[in-house]
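Engineer: Please find the sequence and the predicted model below.
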Amino acid sequence: MPDPQYIMVGEGHRIATYSWGDEDQPTVVMVHGFASSTKDNWVSTGWVRDLQRAGYRVLALDQRGHGASDKPHDARDYRLRQLAGDVEAVLDTYLVDEARYVGYSLGARVGWEVLQDIAPRIPRAVLGGVPDGIPLARLDLDQVRALADHGTPVTDAVTQNYIRLTERVPGNDLRALLAIATGLRESKQADPDPAHAPHQPVLFATGTLDAIIEGSRALAAACPEGQFLEIPDRHHFNAPGSRVFRAAALEFLAG
């Protein structure tokens, strides 16, 4: 991992960014999922290595509330438009006019927005594990809040999986992650709208064991140039480590 380079975004928060490769190479911007980080989602799983070998420059960011970025506890700091704006700010800061986009889970939902907000700058994208509803809709916020406030054990199975992920990644802040989930729900704008789908070529990829697979497939069908990949024998939390997923993404990005 290189040392993070920080940029400031509109509300005065620091976003940690990372860069690999040369400026004259085609750029891929990578955005990780909820309770993860650039290192956890993209470096440890081999994505950055494989993209570099394929001749790409890689830019990545720790989304606000994650990794080495600032972690505010106010849900108002985590509207979807702000998360998408952070990606645009990274491209602007690094003077990147055009980049392919790779996102997973929350990063894929942010990518759906980015693909439309700055469409001319994102010619092609890979969106893995993207839900067709509000991101983190299956997370029981009351149980997470009780855990954060009183140490009350979580009993909901899906929420337990998220908590385990939170505890696995060093530096995670449970109250910041709770604010992210709350902010996305309160914005009432987090549902991807199939009637306003991206027009670029987009590869959607979801694990065969992931409960959101049919919703992801429906989003792919709504895109004029959407393709869909079933990641064999993977669930939502381990799909980024799939070699099948990486290989298909590299082939698609080369387009």
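Structural biologist: Yep, that arrived.
Engineer: contacts and neighbour counts: CA atoms only from here.
Structural biologist: Will do.
Engineer: Leu127 should be in a strand, yeah?
Structural biologist: Yes: the assignment for Leu127 (DSSP: H, G, I helix; E, B strand; the rest coil) places it in a strand.
Engineer: what number of residues lie near it?
Structural biologist: When neighbours are defined as other C-alpha atoms under 10 Å, Leu127 has 27 of them.
Engineer: Wasn't Ala205 part of a strand?
Structural biologist: Yes: counting by three-state DSSP, Ala205 falls inside a strand.
Engineer: From the opening residue of stretch 33-42 to its closing one, how far?
Structural biologist: 10 Å (C-alpha to C-alpha, to the nearest Å).
Engineer: Now tell me what touches that stretch from outside.
Structural biologist: With C-alpha atoms under 8 Å, 6 or more residues apart in numbering as the test, stretch 33-42 has contacts from 1, 30-32, 48, 60-63, 66-67, 103-108, 162, 165-166, 169, 172, 177, 240.
Engineer: roughly how far is that stretch from the heart of the chain?
Structural biologist: Relative to its parent chain, stretch 33-42 has a centroid offset of 8 Å by C-alpha atoms, centre = their mean, to the nearest Å.
Engineer: average model confidence for it?
Structural biologist: Taken as a whole, stretch 33-42 carries a mean pLDDT of 95.
Engineer: Buried residues, it. List them.
Structural biologist: 33-42 (16 or more other C-alpha atoms under 10 Å).
Engineer: what sits against Leu127?
Structural biologist: Going by C-alpha under 8 Å, 6+ apart, Leu127 touches 102-105, 107-109, 111-112, 202-205.
Engineer: Now, those residues that are in strands?
Structural biologist: Under the assignment DSSP state E, the contacts of Leu127 contribute 102-104, 202-205 to strands.
Engineer: export the residues you listed to a markdown table and tack on distance to Pro224?
Structural biologist: Listed next are those as a markdown table, based on distance: C-alpha to C-alpha, whole Å:
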| residue | distance to Pro224 |
| --- | --- |
| Val102 | 19 |
| Gly103 | 19 |
| Tyr104 | 21 |
| Val202 | 9 |
| Leu203 | 11 |
| Phe204 | 13 |
| Ala205 | 16 |
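Engineer: In the residues you listed, find the pair that's most separated.
Structural biologist: Spatial extent of the ones in strands among the contacts of Leu127 (C-alpha to C-alpha) is set by the pair Tyr104 and Val202 at 12.9 Å.
Engineer: that's a helix at Asp92, yeah?
Structural biologist: Yes: assessed by three-state DSSP, Asp92 belongs to a helix.
Engineer: tally of neighbours for it?
Structural biologist: Per other C-alpha under 10 Å, the neighbour tally for Asp92 reads 11.
Engineer: ok, it to Val110 distance?
Structural biologist: Here the criterion is C-alpha to C-alpha. By it, Asp92 lies 17 Å from Val110.
Engineer: what does Gly33 give?
Structural biologist: For Gly33, the distance to Val110 (C-alpha to C-alpha) stands at 10 Å.
Engineer: Report the set of residues contacting both of the two.
Structural biologist: Common neighbours of Gly33 and Val110 are listed as Gly103 (criterion: C-alpha under 8 Å, 6+ apart).
Engineer: My guess is Pro4 contacts Arg14. True?
Structural biologist: No: assessed by C-alpha atoms under 8 Å, Pro4 is found out of contact with Arg14, at 10.7 Å.
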